[in-house]
Each structure stands twice: as C-alpha cells, then as structure tokens.
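J.: generate coordinates for the sequence data below:
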Amino acid sequence: MRKSLITTAVLGALAVPSFVFAADAAPAPDLTVAYNIGLYSQYIFRGLTQTDRGPAVQGGVDLTHTSGFYLGAWASNISWIRDSNQFNADRSAYREGGHLELDLYGGYRYSFANGVGIDVGALQYIYPGSKTPGSQDGWASPYTTELYGALSYGWVQAKISS
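T.: Below you'll find the model as predicted:
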C-alpha cells in the first residue's frame, strides 16, 4: 500500500502541468559592439605578404547603429615597412615604429525588403611611426584612403574600391 501511495504521489506530481513565466525580452539596443582577435601564420593582403611570411596578431572592433551607420578599427602587426629599401639596403622607410597597420573605417549599410543590400564607406590605412629622413626616395607613402561601394543580393556581393 505504501509503495502504491508513493508511486501515485510521484506520478501525480509529474502529471501536473508546469508553468514557466518568461520575462519580456529586452528591446534590442540601438548601438552594438562586436570585436575579434586572432593569431595567424602570416598576413597576406591582396596577394602580398605583409609580415614576410611571419605570424600575425590581428584584432578589431566594430560599432554599429540600428540606422545602418557603422564605425570600426582593425589592427595587425606588419614588417614590410621596416624591410630594407630596394634602392638602399641599409635604409628602411621608417626610423621608429612601422610595425603596425591600423585601419579606421566607417560607412552606411542597408538591406532592402527584397534582399538587395548596399554598403558605402571610407577606409583609412595608417602606419604609426617616424619616417627615416630621405626615405621618400623609392618609397611612396603607405598611408592610403579608399572609398568603397558594394551591392549585394543574398550571399553574392559586388564591391568596388578606389
């Protein structure tokens, strides 16, 4: 009798429906922050090694607003600026620094209801350090500004930069 009473009590407790009260979901923030960091065997950009086949530590942070505007920064160690100048083997373009690439960018991204998306913005490549006096001989400034525009549909994207 006692076993059947315990069994009935346990089965009855399991049969009683459980109620879970879910809290209202918090509204999505207007501003989101995303970040990344990685260790890579080398840094290759547009087919050229930036670290002379050495490892690269890279990381970035992106700030995105629900309106579609975004800002970001990305950095990596590099070696190509400190490598010897082809016109003078004893002189590199930078006297101090020149081991870091810092990319600052911002733009506007929007996706239409039909799946088409646009992305327009600007990107600035910065290489902190002190240039070697007279290093302009044979070296163009590594600082570069690019304007870009992209059109996408699903996973397909076409992008142009200048």
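J.: which SSE is the residue nearest to the spatial centre of the chain in?
T.: Nearest residue to the geometric centre of the chain (Cα atoms, centre = their mean): residue 60, 4.8 Å. Assigned by DSSP states H and E, residue 60 belongs to strand 56-65.
J.: show me what that strand pairs with in its sheet, parallel or antiparallel.
T.: Its sheet considered, strand 56-65 pairs with strand 31-40 (antiparallel), strand 69-77 (antiparallel) by DSSP bridges.
J.: relative to residue 146, how far out is residue 124?
T.: 8 Å (Cβ to Cβ, to the nearest Å). Quick note: C-beta positions are derived from backbone N, CA and C, even for glycine.
J.: one more: residue 61?
T.: From residue 61 to residue 146 the distance is 19 Å (Cβ to Cβ).
J.: rewinding a little: hey, which of the strands paired with strand 56-65 is tucked in deepest?
T.: strand 69-77 (a mean of 17; mean count of other Cβ atoms under 10 Å).
J.: could I have that one exported to PDB, CA atoms only?
T.: Taking Å, rounded to 0.1, in the frame of the first residue of the first chain, the C-alpha atoms of strand 69-77 are listed here in PDB:
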ATOM      1  CA  PHE A  69      25.800  53.600 -39.800                       C
ATOM      2  CA  TYR A  70      28.900  51.900 -38.600                       C
ATOM      3  CA  LEU A  71      32.500  52.700 -37.400                       C
ATOM      4  CA  GLY A  72      35.400  50.300 -36.900                       C
ATOM      5  CA  ALA A  73      39.000  49.900 -36.300                       C
ATOM      6  CA  TRP A  74      41.300  46.900 -37.100                       C
ATOM      7  CA  ALA A  75      45.000  46.400 -36.500                       C
ATOM      8  CA  SER A  76      47.700  43.900 -37.300                       C
ATOM      9  CA  ASN A  77      51.500  43.700 -36.900                       C
END
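J.: where does the prediction get shaky in this protein?
T.: Applying pLDDT under 70 to the chain flags residues 1-23, 84-95, 132-140.
J.: now with 90?
T.: Judged against pLDDT under 90, the low-scoring parts of the chain cover residues 1-28, 46, 48-49, 52-53, 79-99, 128-143.
J.: now do the helices in it.
T.: Ranges of helices in the chain, per DSSP state H, are 2-15.
J.: mind listing what residue 49 touches?
T.: By Cβ atoms under 8 Å, 6 or more residues apart in numbering, the contact set of residue 49 is 42, 43, 80.
J.: so it versus residue 98, what's the distance?
T.: Taking Cβ to Cβ, one finds residue 49 at 16 Å from residue 98.
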